[in-house]
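> next come a sequence and a model predicted from it.
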Amino acid sequence: MVYIVLKIEEAVRGGIALGLSGLFIRVASTGLPLDASFIIQFFSNPFSIFALIFGIYGFINIQVALYEGKIAYVIPTVSATSVATPVILATIFLAEYVPAIRWLGMLLILIGTIGISEQEPEESAIEKMVHSLKR
Amino acid sequence: MLGLILSIAAAVLLGVSATLQKYSMGYLKKFSILKLIRNSMWQLSVLIGLAGTLVYLFAMRFSPIHVVQPVIAVSMLIPVIIGSFIFGEKIGSKWLYIIIIFIGVWFISF
């Protein structure tokens, strides 16, 4: 039986927030000239504020996830959700065409993220004894 | 070529930044962002992360996104490897899922 525990809840939340931040950065920076006025024009766009808010929220969530979870689980989850979120949202709201390989990528990310969040099997009594002896 | 080199540099910097962030949390008994901000190693990790982001932006100027993005996806492997071999995190059969996520991110980057 598979138990899904949300040990990586903060990592998923952080990744989605970073993905949203990236999307807002893209919207706010589209069409801006690449000169000295770029930063001023970027921050005068209201979407840049959303990008900043989601960026900070995502960053804090990732810090919590790194504190509570294993780095080997947190970073892949954050990377995956932050990459997949803008693609999904761009498909829904901007009606962008998504090639089959990207859908396959998102399916693999979903499978992998669920797999990582599965509860690890409990140690047997013998394994616990062996580990305590090793310590 | 310059774009590819910058992408690899950005991937390494971002990977090292995440690893240092985790490492700098070792002394915390309870999570506190204020305590983290005062930690010099955490500050260094954030600076490295910002440097990585800047290098990433430069890489985007020199190379198309379909070259840069798959390389950046590699950055997530660095903390996984360091977590396993240096921090001694037990990954066990979850390696399979990490590889599946990695392939998924790689596909999306195309």
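Ah, there it is.
> C-alpha from now on. contacts and neighbour counts both.
Noted.
> list the buried residues in stretch B:40-55.
For stretch B:40-55, a neighbour-count test (16 or more other CA atoms under 10 Å in any protein chain shown) marks B:41-43, B:45-46, B:48-53, B:55 as buried.
> okay, the residues you listed in a markdown table with pLDDT, secondary structure and distance to chain A next?
Formatted as a markdown table, the buried residues of stretch B:40-55 follow (pLDDT from 0 to 100; DSSP: H, G, I helix; E, B strand; the rest coil; distance: CA to the nearest CA, whole Å):
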| residue | pLDDT | secondary structure | distance to chain A |
| --- | --- | --- | --- |
| B:41 | 90 | helix | 14 |
| B:42 | 91 | helix | 10 |
| B:43 | 92 | helix | 13 |
| B:45 | 92 | helix | 12 |
| B:46 | 92 | helix | 10 |
| B:48 | 94 | helix | 15 |
| B:49 | 91 | helix | 11 |
| B:50 | 91 | helix | 12 |
| B:51 | 93 | helix | 16 |
| B:52 | 90 | helix | 15 |
| B:53 | 84 | helix | 12 |
| B:55 | 88 | helix | 16 |
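> which stretches of the chain form strands?
I went with chain A, as the question did not name one. With DSSP state E as the criterion, chain A has no strands.
> what does it put close to chain B?
Residues of chain A found near chain B (CA under 8 Å from any CA of the partner chain) are A:60, A:63-64, A:66-67, A:70-73, A:75-77, A:79-80, A:83-84, A:101-113, A:115-116.
> okay, which residue is most central for the chain?
All of this is about chain A. Ranked by distance to the mean C-alpha position of chain A (CA atoms, centre = their mean), the top residue is residue A:15 at 1.8 Å.
> switch to chain B, that's the one I care about
Residue closest to the mean C-alpha point of chain B, counted by CA atoms, centre = their mean, is residue B:15 at 2.5 Å.
> who's in contact with residue A:105?
B:103-108 (CA atoms under 8 Å, 6 or more residues apart in numbering or on different chains).
> which among these gets closest to residue A:25?
Nearest to residue A:25 among the contacts of residue A:105 is residue B:108, at 18.9 Å by CA to CA.
> what's near enough to touch that closest one?
A:83-84, A:101-103, A:105-106.
> tell me which element it is part of?
According to DSSP states H and E, residue B:108 maps onto helix B:95-109.
> what about residue B:94, neighbour count?
18 (other CA atoms under 10 Å in any protein chain shown).
> kindly apply the preceding question to residue A:97 instead.
The local packing of residue A:97 (other CA under 10 Å) involves 10 other residues.
> just to check, it is in contact with residue A:91?
Yes - counting by CA atoms under 8 Å, residue A:97 touches residue A:91, with 6.6 Å between them.
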